[in-house]
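In: The following comprises the amino acid sequence and a computationally predicted model.
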Amino acid sequence: MTAGLRWTLFLLLIAAAAAAGYAVWLADGRAAAATARAGQVDGYIDSAMVDLSELVTVQFARVTPAQPQDQGATRTASLLSRIGEQASGLAGIGLSTAGATVLPEVTAGLASLMQVDQRVREYQADGDELMAADLAVSEGRLGVSAMMASLRKLREAERGHASAEARAAATQQAAVVGGAALVWLAGLLVLARPVRVEVAAPPKPSGAGEGDTPSASGSEPDYDLAPASEPVAKAAKPAAASAAPVVNLLEAAAVCRDLAQVTDPARLDAVLGKASAVLAARGMVIWLGAGEQLFPAASQGYDPRVLARLGPLDRREPNATTEAWTRAEVRTVAPEGGSNGAVVAPMISVDGCRGVLAVEVPPGRESDAASQAVVSMFASQLALIVGGWPSTSAPATPAPEPVADVEPASEQPEPAAGAN
């Protein structure tokens with residue numbers, strides 16, 4: 001997956017999270033609105049209940065002998081007016097479907113009470129106090145009871161609706177959050193996959209033939225493999241993670257397999273050519289240790305006369321080659337003035353560090369962790385097939401050639417033999 005597709009997927013995940021948050025907010029808003037509406041209904045109904053209870057008392061008092069009729073009639077009219085305002089308030093708050101079906105019963109009960117009050121007034125105006133009292137006590141009480149029942153029914157309807165909205169909101173929120181979590185999980189699994197970047201093959205050096213490897217120019221090293229005045233090299237540090245590997249690990253593994261099958265020097269030189277190609281190296285030198293000195297035993301990618309000019313190195317010389325040998329650790333040489341860099345890896349076997357493998361690499365690759373690791377792999381494999389120098393330390397002139405780990409021709413081979 002390319003970086004562009006990753007960014008697109010990431011933006012889609014952000015949009016999905018925003019949509020899920022909006023859906024949760026809407027569901028919560030609907031539940032809150034239903035709860036608030038139920039609270040308003042409770043307020044209107046509570047006030048109406050108080051007024052209805054007082055209405056029963058006032059109606060009974062107005063038909064009681066020795067009680068002023070005008071005062072009772074005025075108070076009854078005031079209570080009915082307030083109850084009517086409360087009913088209008090209930091109709092104006094936007095009741096639920098269940099509540100809207102109960103509201104007509106409330107208004108019908110109010111209309112019945114107003115009719116009873118009007119008839120009581122007429123009986124009292126005609127002086128028929130007995131009929132007025134009977135109407136107020138019987139039909140008046142029944143009307144109040146019926147209206148109170150309707151109000152309670154309306155309250156239950158709105159409370160039930162608020163509870164249902166809260167449950168529906170919780171279910172919807174859980175479904176939205178769960179779905180968003182699954183989408184994010186799938187997206188993160190996709191984003192966790194490594195970015196695949198096509199790496200161009202390293203360019204061939206000038207003068208190389210069609211079938212030549214990048215290290216087959218035959219020239220001298222572009223860096224000093226063993227400078228006498230070079231300060232002690234620092235231990236190699238792993239490079240920071242890059243967008244793509246600079247070496248092909250499958251090809252590196254194939255080189256290690258070929259090194260394990262080497263039986264003669266000619267075959268070794270061919271395999272070293274493949275190793276140089278894997279690392280895009282200009283060349284490499286195998287140094288073997290003997291006593292207190294290192295001797296250049298074989299090279300690949302350089303003119304054979306280079307080995308003779310290099311000569312042996314004393315272990316006390318402060319440079320990357322001797323330090324990699326004495327400390328048995330990978331060392332690097334940074335490029336200077338447009339030159340190449342280098343990676344020097346110890347050749348360690350069961351007998352100790354036999355020597356080092358010095359590889360000249362393009363600038364910047366000496367600090368790459370993958371390149372350092374591959375050079376160490378090649379050095380470890382070479383330690384198993386390349387023999388050490390004899391115990392005496394003598395300069396190698398002319399330069400010896402590496403041989404496979406086979407029986408020497410005599411007990412004390414010449415330096416050119418270079419194998420146990």
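Out: Received, thanks. Keep in mind that what you see is a predicted model, and the values were worked out from it rather than measured. Numbers count the residues shown, from 1 in each chain.

In: So, low pLDDT: which residues of the protein?
Out: Regions of the chain meeting the criterion pLDDT under 70 cover residues 1, 65-69, 194-246, 387-420.

In: what's the domain layout of it?
Out: With domains defined by automatic domain parsing, the chain comprises 3-191, 215-420.

In: Just give me the longest helix of this protein.
Out: Using DSSP state H to define each element, the chain has its longest helix at helix 3-62.

In: What is the subsequent helix or strand relative to that one?
Out: Going down the chain from helix 3-62, the next helix or strand is helix 69-92, by DSSP states H and E.

In: Give me the contacts around that next one.
Out: 40-41, 44-45, 47-48, 51-52, 54-55, 58-59, 61-63, 103, 106-107, 110, 113-114, 117, 121, 124, 147, 154 (C-beta atoms under 8 Å, 6 or more residues apart in numbering). The C-beta positions use only the backbone N, C-alpha and C, and glycine is treated the same way.

In: And the buried ones among those residues, selectable in ChimeraX?
Out: Buried subset of those, written as a ChimeraX selection, criterion 16 or more other C-beta atoms under 10 Å:
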select :40,41,44,45,48,51,52,55,58,59,61,62,63,103,106,107,110,113,114,117,121,124,147,154
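
In: Could you single out the most deeply buried of the domains of the chain?
Out: Between these, the one whose residues have the most neighbours on average, counting mean count of other C-beta atoms under 10 Å, is domain 215-420 (a mean of 19).

In: ok, which stretches of the chain are helices?
Out: With DSSP H as the criterion, the chain has helices at 3-62, 69-92, 97-125, 129-137, 139-191, 249-260, 265-279, 305-310, 320-327, 369-385.

In: would you list those helices in CSV and tack on distance to S299?
Out: What follows is the helices of the chain, written out as CSV (distance: least, C-beta to C-beta, whole Å):
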stretch, distance to S299
helix 3-62, 42
helix 69-92, 99
helix 97-125, 93
helix 129-137, 126
helix 139-191, 47
helix 249-260, 16
helix 265-279, 8
helix 305-310, 6
helix 320-327, 13
helix 369-385, 13
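
In: Figure out which of those is closest to A345.
Out: Taking C-beta to C-beta, helix 369-385 is the member of the helices of the chain nearest to A345, at 3.9 Å.

In: That closest one vs helix 249-260, what angle?
Out: Using axes from the mean of the first three to the mean of the last three C-alpha atoms, to 10 degrees, the inter-axis angle of helix 369-385 relative to helix 249-260 is 10 degrees.

In: Need the residues that contact helix 369-385.
Out: Counting by C-beta under 8 Å, 6+ apart, helix 369-385 makes contact with 236, 238-239, 245-247, 249, 252, 255-256, 259-260, 262, 268, 275, 278-279, 286, 330, 332, 343-349, 354-357, 359, 361, 365-366, 404-405, all of which sit outside it.

In: Look up phi and psi at the most far-flung residue of the chain relative to its centre.
Out: Going by C-alpha atoms, centre = their mean, the residue of the chain most distant from its centre is G127, 90.1 Å out. When read as degrees, to the nearest 10, the backbone of G127 gives phi 80, psi 10.
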